[in-house]
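> Any chance you could fold what I've pasted below:
(one chain, ligands or ions: 1)
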Amino acid sequence: MSSAVLLEKTAVELSDLLRNKEITSEEITKAFLKQINRIDDQVHAFLHLDEQDFLTQAKDSDKRRAQGKSLSPLDGIPVALKDVISVKGQPLTAASKILENYISPYDATVTRKLKEAGAVIGGRLNLDEFAMGSSTENSAFGPTRNPWNLNCVPGGSSGGSSAAVAAREVPLTLGSDTGGSIRQPASLCGVVGMKPTYGMVSRYGLAAFASSLDQIGPFSKTVEDAALLLEIISGHDPLDSTSFPTEVPSYTQKIHDPLAPCTLGLPKEFFGEGMDNEVRNSIEKAVEFYRSQGHRIVEVSLPTTDLAVPVYYVIATAEASSNLARYDGIRYTSRSNRAKNAVDVYAKSRGEGFGEEVKRRCILGAYGLSSGYYDAYYLKAQKTRTLIREDFNRVFKEVDAIITPTSPTPAFEFGSKSDDPISMYLSDIYTISTNLAGLPAISVPCGFTEANLPIGLQLIGPAFNESSLLKIAHAYDNEHKFGCVSPTLAKE
Ligand code: GLN
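Next comes the predicted model:
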């Protein structure tokens, strides 16, 4: 099978080919490595890749399979990880100079689960420094480019994870989502991206940004592939005290159960001003599709919608200022060689090691937590967060899922928002409230603009009901498969 054909296969298709012994993991891995070597100097999705290690894992998988000891449907399938997820012995930079020379001493739980499933894992994918941003322009090691148009951003912060799947450099990746960082880049790159319910996937070994919001989740070409990867990485973990003790259903089986007619809600507050017309048209077409399949569409109201962005920027920055205090120039981070005394070590190492956006957030967060301002900002934001969650709880008494666009615009050009933090922050206006409420949400490709840039549809579900959300998303995706359309750049 030619490598051009292999690159277009979904993970489920690759898994079938492996099971039927029509191909080896080594052949698959080599095809993707060839693609990475061919185009990644243009896309810059990868910060690091150990090719030998990748190939050794592929050969090990082939040996297991030959002995009939294959570990899971993911055995032999390459999966690359955002550079905030620990892999023992590999670098983890979080796209920050301060961690430039750090090597992970242990595996994240998701990494361990992938290894136990036999996946071929490796590669460190680019992001906005410490996952703060929506474009990857905040990476200390240069931005990732959108495979659909190299002058445009891939979204962020998991821009390397979305671009790598869109450019057919790897069939599956993992990212992290604190306010939209999986769904927004998935939407801008025309691939599927899913943020699970808070507590569904262990955060052990994830470099923390805002611990009450962060979740790890999958990127893929199809919803079916996202289900496959999610099933492997989900589940209770005693090493993460916020991980929820619940059974992980077989998403891959449930997705094929017939979908009973459901009720889908369109929140009127999301469909106001600020949405690009082409985005609006695509979402309306997707809504029509669901209607034509016998599902009921109702208007719903989430009155706290406009509070989500400000609440997020108080809570996320407060948590970030606390989480990032550990990067102090004393322990595992790089240390300034201009420091003359202990206080200088902290100040200069952090001053030199962190980029502008990270500094802005640490300062903002420390301010919001400081005595005298705590009640006015942090406490008030926490109370408002409860109202946002209650809004969703009320709506989910009436509907099975909520439909919105993922991002108000398609991919934008480099530099167009980087000098204006507020306009950058608003690119997550549709994704942030689900993190505050802890809910699962998925972005599914739903078409293209006239300029051939992808558009994404967001579906939000009730907590711990990934099965039903994936089924509803699959019903659309299986008919349209926009994530299986490749950008010209990805084709040889
Ligand atoms: N863009 C948002 C931010 O900059 C969300 C980031 C994320 O989800 N990690 O905070």
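> so residue 215 touches residue 176, yeah?
Yes - between residue 215 and residue 176 there is a contact under CB atoms under 8 Å: 6.8 Å. Backbone N, C-alpha and C define where each C-beta goes, glycine included.
> Neighbour count for those two, which is higher?
Applying other CB atoms under 10 Å to residue 215 and residue 176 shows that residue 176 carries more neighbours, namely 28 against 25.
> which residues does that one contact?
By CB atoms under 8 Å, 6 or more residues apart in numbering, the contact set of residue 176 is 82, 84-85, 131, 157-158, 182, 206, 209, 214-217.
> go on, residue 291?
By CB under 8 Å, 6+ apart, the contact list for residue 291 reads residue 297.
> Assumed it was part of a helix.
Yes - the assignment for residue 291, made by DSSP: H, G, I helix; E, B strand; the rest coil, places it in a helix.
> Near the ligand, which residues of this protein are found?
131-134, 157, 177-181, 209, 316, 428 (CB under 6 Å from any ligand atom).
> can you do 5 Å?
131, 132, 133, 134, 157, 177, 178, 179, 180, 181, 428 (CB under 5 Å from any ligand atom).
> Run a quick neighbour tally on the first one.
Using other CB under 10 Å, residue 131 has 30 other residues around it.
> From what I see, it and residue 94 are in contact.
Yes - using CB under 8 Å, residue 131 is in contact with residue 94, at 7.3 Å.
> so what sits against both of these two?
With CB under 8 Å, 6+ apart as the test, residue 131 and residue 94 both reach 84, 207.
> Which residue does the stretch 301-450 of the chain have closest to the ligand?
residue 428 (4.7 Å; CB to the nearest ligand atom).
> Tell me the secondary structure at the spatially closest residue to that residue that is not a sequence neighbour.
Once flanking residues are discounted, residue 428 sits nearest to residue 180: 3.8 Å by CB to CB, 6 or more residues apart in numbering. Following three-state DSSP, residue 180 is assigned to coil.
> Pull the contacting residues for residue 180.
Residue 180 touches 134, 406, 407, 427, 428, 430, 431, 432, 435, counting by CB under 8 Å, 6+ apart.
> For the closest residue to residue 191 other than its chain neighbours, which residues are in contact?
In space, and not counting its chain neighbours, residue 191 is closest to residue 165: 4.6 Å by CB to CB, 6+ apart. Applying CB under 8 Å, 6+ apart to residue 165 gives the contacts 171, 172, 173, 189, 191, 219, 220, 221.
> Just name the closest of these to the ligand, please.
In terms of CB to the nearest ligand atom, no member of these lies closer to the ligand than residue 219, at 13.5 Å.
> And for the closest one, the neighbour number?
By other CB under 10 Å, the residues close to residue 219 number 36.
> Now it: which helix or strand?
Assigned by DSSP states H and E, residue 219 falls within strand 215-220.
> again, but for residue 65
Here residue 65 is assigned to helix 51-66, by DSSP H and E.
> Pull out the buried residues from that helix.
For helix 51-66, burial by neighbour count (16 or more other CB atoms under 10 Å) applies to 53, 54, 55, 57, 58, 60, 61, 62, 64, 65.
> just checking, next helix/strand downstream of that helix?
Using DSSP H and E, the next helix or strand after helix 51-66 towards the C-terminus is strand 78-82.
> quick revisit: so which of the residues of the chain next to the ligand is the closest to residue 352?
residue 132 (17.6 Å; CB to CB).
> Cross-check the contact I'm expecting between the closest one and residue 207.
No - with contact defined as CB under 8 Å, residue 132 and residue 207 do not form a contacting pair (11.6 Å).
> Regarding this structure, what is its longest helix?
Looking across the chain with DSSP state H, the single longest helix is helix 25-43.
> where exactly do the helices run in the stretch 201-350 of the chain?
223-233, 251-254, 277-292, 308-323, 342-353 (DSSP state H, counting those that start in this stretch).
> Would you mark the buried spots in the last one?
Using 16+ other CB under 10 Å as the burial criterion, the residues of helix 342-353 that qualify are 345, 346, 348, 349, 350, 352, 353.
> Kind regards, and thank you for your time.
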